[in-house]
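>>> fold the following for me, if possible:
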Amino acid sequence: MLISIPSVLQSYTGGASRVEAHGRTLAELLVDLDRRHAGIRFRMVNEIDALRPHVRIFVNQEVTTDLDRPIAGDDEIVIPQALSGG
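So this is what the prediction gives:
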């Protein structure tokens, strides 16, 4: 499945804005993504296996923070650019 990667994480993907990864859940997908692009998962998932507060992941245009969410091969996965400020 193709995942859309924001520009701030493209240094991990060799500049690619869309990359391939597989998994039955979002957690498995991120593990496979990290296997293919070392270090990228740690930028999104913290030490207790939860999404970092500034990270959003969309599955079929629906935002989710549930890493146990089942996904299918035809799902659209988008990791948008994180914005924060004060």
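>>> use CA for all of it now, contacts and neighbours both
Noted.
>>> can you list the helices and strands that the lengthiest helix in the chain packs against?
The longest helix of the chain (DSSP state H) is helix 26-36. Helices and strands touching helix 26-36, by 3 or more Cα pairs under 8 Å, 6 or more residues apart in numbering; DSSP states H and E, are helix 40-44.
>>> contact partners of the helix it packs on?
Under the criterion Cα atoms under 8 Å, 6 or more residues apart in numbering, residues L9, Y12, L30, V31, L33, D34, L51, R52, V55 lie in contact with helix 40-44.
>>> got those as JSON lines, with pLDDT columns?
What follows is the contacts of helix 40-44, written out as JSON lines (pLDDT from 0 to 100):
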{"residue": "L9", "pLDDT": "94"}
{"residue": "Y12", "pLDDT": "97"}
{"residue": "L30", "pLDDT": "97"}
{"residue": "V31", "pLDDT": "98"}
{"residue": "L33", "pLDDT": "98"}
{"residue": "D34", "pLDDT": "98"}
{"residue": "L51", "pLDDT": "94"}
{"residue": "R52", "pLDDT": "93"}
{"residue": "V55", "pLDDT": "91"}
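>>> which among those count as buried?
Using 16 or more other Cα atoms under 10 Å as the burial test, the contacts of helix 40-44 include L9, Y12, L30, V31, L33, D34, L51, V55 as buried.
>>> what's the spacing between the last one and H22?
As judged by Cα to Cα, to the nearest Å, V55 and H22 stand 20 Å apart.
>>> got it, and the second one?
Y12 sits at a distance of 17 Å from H22 (criterion: Cα to Cα).
>>> what does the third one give?
For L30, the distance to H22 under the criterion Cα to Cα works out to 8 Å.
>>> what's the answer for D68, then?
Taken as Cα to Cα, the span from D68 to H22 is 14 Å.
>>> if you count what's nearby, which of these two comes out ahead?
Set D68 next to H22 and count neighbours by other Cα atoms under 10 Å: H22 wins out with 18 against 11.
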